[in-house]
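Asks: Just to be clear, the model below is a prediction. Sequence and coordinates:
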Amino acid sequence: SCWRVGFPGRPSKSSEVCQHTHSFILMTLLLTRWTPFVLILARISLVDSVATMLQTSSARSLRARARASHASQELIPPMIILQRGCTGSSVVMRTARTLLSEVGVPLFPTQVKELVKQSQIEKNPWYTPGSSLADTLRRAVREASEKGQALLFNAYKIKAWTKNAEEQDLNRALLDLKAKIVVVHRENSLDTVVCEIRDCFKGTHGVPRGYPVDDEGHEDRTCFDRRFNSASKATKALVHTDYLEKNLETAGSYGQDMLDSLSGLGFNESKMVSFENLVGYEYSFRNLHASTRTWMKLLSSLGIQADESRVLAVLRSNAQSYPSPEPHNETIYNMDEVAATMAPKLSGWMLRM
């Protein structure tokens, strides 16, 4: 009968050798005093066989661990840009997505801008009847993570000190998911107040801001839709100057209030950045490096350590591509009254004449 001799290091090739031939060779070697050499060959063959078995076992173990890791894949922390209305959230989100993609962060494609806004929950693709905001957020993060992508979205506000059970549940979900959050604040509070009036935002704490009007001073109820209607670009804000100081103070505290709320929840690494610094490069090359530094701070707060030269290159390609913000007489109906109110003690630098 015959038996199979394997050759270590080769695929599955082998040679058929008859047993009596093997016995003859072995006897010949023994008679010629090659016994030590034969023993060495036998030992080498044994070591090779054991090594091959160990390598095969190790490879199987690695594959098994990889499968287990994939099955229990850790969720990728969501990235949230926390920004109040009328503070340039659309342009910030658009540029953030561009920069994150450019520096190699795979982003989950979604059209949902404010994923955790209660008033829009039924428009959320991860919502099912009876779901909470926390439930929809967890589903969205899980789906993105399964695809190896990060979820990026806007949030209007996050309340740390709340008695609302829905908001408390959302806060726990944000902590469990290890969310990365950055606050964007608009420094020019007058721009914020004027935008809020033109968009028909309700007054904060019952303090009226004013109301939107057309060029002739008639009330204009186009509100937020004016942004999508070229015929409504002339909508202006008729500002209640008696309450202007209080409204400017309220708008000026939006950013710090949000940062304090995050700190109260334990998000101590979150940072606040200036909207004006983020978009300054769009108006002038002189602002390019300041904008780059601010975007680097924003990305860092989202947990991304980006290559600054790549960020600079992206911003440079769009530098000085937009006109500077328009003077306020284009957006404020009672401009003279507002200017007179602000001149004595309010921040005059906010007013563009």
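Replies: Done, it's in.
Asks: Tell me how far residue 253 lies from residue 139.
Replies: According to Cβ to Cβ, to the nearest Å, residue 253 and residue 139 sit 34 Å apart. To be clear about C-beta, it is placed using only N, CA and C from the backbone, and glycine gets the same treatment.
Asks: Have a look at the two and say which one is more surrounded.
Replies: Under the neighbour definition other Cβ atoms under 10 Å, residue 253 and residue 139 were set side by side, and residue 139 has more, 16 against 13.
Asks: Next up, the contacts around the closest residue to the more buried one other than its chain neighbours.
Replies: Closest residue in space to residue 139, ignoring its immediate chain neighbours: residue 126 at 4.1 Å, by Cβ to Cβ, 6 or more residues apart in numbering. Neighbouring residues of residue 126 by Cβ atoms under 8 Å, 6 or more residues apart in numbering: 135, 136, 137, 139, 140, 143.
Asks: Let's see that with 10 Å instead.
Replies: Listed by Cβ atoms under 10 Å, 6 or more residues apart in numbering, the contact partners of residue 126 are 110, 112, 115, 135, 136, 137, 138, 139, 140, 141, 142, 143.
Asks: name the element the last one belongs to?
Replies: When you say that, I think you mean residue 143. Here residue 143, judged by DSSP states H and E, is contained in helix 133-146.
Asks: for the record, mean pLDDT for the helix or strand hosting residue 279?
Replies: Residue 279 is part of helix 275-279, with elements assigned from DSSP H and E. Computed over helix 275-279, the mean pLDDT rounds to 98.
Asks: Just give me how far stretch 139-146 sits from the chain centre.
Replies: 13 Å (Cα atoms, centre = their mean, to the nearest Å).
Asks: Give me the buried positions along it.
Replies: By 16 or more other Cβ atoms under 10 Å, the buried positions in stretch 139-146 come out as 139, 140, 141, 144, 145.
Asks: So what touches that stretch?
Replies: With contact meaning Cβ under 10 Å, 6+ apart, stretch 139-146 is reached by 70, 73-78, 106-110, 112, 115-116, 124-128, 131, 149-153, 173, 176-177, 179.
Asks: go on, stretch 220-239?
Replies: Here stretch 220-239 makes contact (Cβ under 10 Å, 6+ apart) with 85-86, 90, 190, 193-201, 208-217, 219, 247, 328-335, 337-338, 341.
Asks: Kindly report the same for stretch 101-109.
Replies: Under Cβ under 10 Å, 6+ apart, the answer for stretch 101-109 is 76, 78-79, 96-97, 99-100, 140-141, 143-153, 299, 302-308, 310-311, 313-314.
Asks: at 7 Å what do you get?
Replies: For stretch 101-109, contacts defined as Cβ atoms under 7 Å, 6 or more residues apart in numbering pick out 97, 100, 144, 147-152, 304, 306-307, 310, 314.
Asks: any idea how far it is from the chain center?
Replies: The chain centroid and the centroid of stretch 101-109 are separated by 9 Å under Cα atoms, centre = their mean.
Asks: pull the CA atoms of it into CSV?
Replies: Taking Å, rounded to 0.1, in the frame of the first residue of the first chain, the C-alpha atoms of stretch 101-109 are listed here in CSV:
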residue,chain,number,x,y,z
SER,A,101,-15.8,64.7,3.8
GLU,A,102,-12.6,66.3,2.6
VAL,A,103,-10.6,65.2,5.7
GLY,A,104,-11.8,61.6,5.3
VAL,A,105,-14.8,61.3,7.6
PRO,A,106,-17.5,59.1,6.0
LEU,A,107,-20.8,60.8,6.7
PHE,A,108,-24.2,59.2,6.8
PRO,A,109,-26.4,60.8,4.1
